[in-house]
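Chemist: predicted model and sequence follow; I will ask about them next.
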Amino acid sequence: MTQGALAERNSGTGPVGLVLMFIKKYWVVYALVLPAVLFRFAFTVGPLLRTTWLSFTDKSLQRDGKFIGLENYAYMFKDFYVHDSLDFTVMYTVTATVLQVVLGLGMALLLNQNLKAQWFSRVANLLPWAAAPIVAGIMWRLMFFEGGGVLNDLVLRFDLHSERVMWLSDGKLARMSVIVTTLWKNSPWCALVLLAGLKTIPSELMEAAQVDGASVWERFIYITLPLLTPIILVVFLFRGMGEVGTFDQILGLTRGGPGNATEIISLYAYDRFFQQARYGYGSALVMVLFC
């Protein structure tokens with residue numbers, strides 16, 4: 001070791017010395033944060049490790065759970081319910097995410113206008129998002145109720161259809177109903193984030209483009225959309241991740257029915273784990289969803 005390195009180490013300005021000085025200075029902060037970190041670790045990493053272990057066992061209500069390797073994962077390839085659930089999960093996630101972003105962008109553009117009572121329109125926009133997902137599902141279940149719900153009442157009142165529409169009993173209509181409920185529930189969040197992005201666009205750019213004769217559509221295509229693209233991609237990412245894990249909203253609306261037409265993979269995992277007490281197989285399904 002050279003004399004310069006020794007001098008640096010002795011003076012406490014080397015990498016190790018800087019780390020020790022930092023810890024010595026902020027040890028109180030770390031001590032105060034440590035309980036929260038341990039609590040989070042115990043209730044996040046602990047269950048995750050437990051679920052991972054269970055996915056390699058045949059544990060159920062009748063079995064203690066012996067290690068069976070990848071048998072649970074191999075069985076998924078033969079389980080046609082898994083295939084149906086994955087198909088609907090992909091279709092639902094892609095469709096709902098794209099429509100949410102498009103609808104949210106339209107709402108954000110409207111909320112960004114200089115209208116009277118802006119505060120009221122923005123608060124009203126957030127009310128659906130503030131509702132709990134299970135509450136939103138049950139509320140829309142009542143609206144889609146085929147024996148006298150609000151939507152069927154409107155359909156018959158305005159002669160839009162000759163008989164009641166089986167919103168939740170027909171597979172295709174049930175899937176559409178799930179997506180409509182998701183749009184109502186989550187589009188306001190997209191609008192809120194995109195509205196914040198619109199506020200960051202300099203007004204001088206819009207004014208200059210308007211002076212140059214650019215139309216409203218041209219200003220949107222060549223100024224607003226390019227500057228908003230990074231935020232749109234972030235919204236796509238977050239909403240896509242959120243829709244893949246959707247559970248309580250569909251549980252409150254259709255419970256996966258009719259049949260398994262609206263059974264998303266998270267709901268199927270819940271059914272196998274809690275309803276059928278197949279803890280090993282249910283854990284394997286959860287791990288697939290996690291990955």
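Modeler: That came through fine.
Chemist: quick one: which helix or strand includes the spatially closest residue to Y73 that is not a sequence neighbour?
Modeler: Nearest non-adjacent residue to Y73, counting by C-beta to C-beta, 6 or more residues apart in numbering: A284, 5.6 Å away. Any C-beta I mention is one placed from the backbone N, CA and C, and that applies to glycine too. For A284, the element it lies in under DSSP states H and E is helix 279-290.
Chemist: about what we covered before: my guess is the residue nearest to Y73 contacts S55. True?
Modeler: Yes: A284 is within contact range of S55, at 4.0 Å (criterion: C-beta atoms under 8 Å).
Chemist: check what contacts stretch 49-56 and list those residues.
Modeler: 65, 67-70, 72-73, 279-280, 283-284, 286-287 (C-beta atoms under 8 Å, 6 or more residues apart in numbering).
Chemist: any common contacting residues for A284 and S55?
Modeler: Joint contacts of A284 and S55 (C-beta under 8 Å, 6+ apart) are N72, Y73.
Chemist: which one's more surrounded, those two?
Modeler: A284 (27 against 23; other C-beta atoms under 10 Å).
Chemist: list the residues that contact that one.
Modeler: Contacts of A284 (C-beta under 8 Å, 6+ apart): S55, F56, N72, Y73, M76.
Chemist: run the last query once more with 6 Å
Modeler: A284 makes contacts with S55, N72, Y73, as judged by C-beta atoms under 6 Å, 6 or more residues apart in numbering.
Chemist: just give the closest residue to the second one, not the sequence neighbours.
Modeler: The reference is to N72. N72 sits nearest to A284 (C-beta to C-beta, 6+ apart), 3.7 Å away.
Chemist: which residues in the stretch 51-200 of the chain form helices?
Modeler: Under the criterion DSSP state H, counting those that start in this stretch, helices of the stretch 51-200 of the chain are mapped to 71-76, 80-111, 118-130, 133-143, 150-157, 171-199.
Chemist: now, of those, which is deepest in the fold?
Modeler: Most buried of those by mean neighbour count (mean count of other C-beta atoms under 10 Å) is helix 171-199; its value is a mean of 20.
Chemist: for that one, name the packing helices and strands.
Modeler: helix 80-111, helix 118-130, helix 225-244 (3 or more C-beta pairs under 6 Å, 6 or more residues apart in numbering; DSSP states H and E).
Chemist: I'd like the next helix or strand past that helix.
Modeler: Using DSSP H and E, the first helix or strand after helix 171-199 is helix 203-211.
Chemist: quick check: angle from that next one to helix 225-244?
Modeler: Helix 203-211 and helix 225-244 are oriented at 120 degrees to each other (axes from the mean of the first three to the mean of the last three C-alpha atoms, to 10 degrees).
Chemist: in helix 203-211, what's buried?
Modeler: Of the residues in helix 203-211, those with enough neighbours to count as buried (16 or more other C-beta atoms under 10 Å) are M206, A209.
Chemist: ok, and what's touching it?
Modeler: For helix 203-211, using C-beta under 6 Å, 6+ apart, the contacting residues are R219, I223.
Chemist: pLDDT of the following helix or strand past that helix, averaged?
Modeler: Of the helices and strands lying after helix 203-211 in sequence (DSSP H and E), the nearest is helix 216-219. Across helix 216-219, pLDDT averages out at 91.
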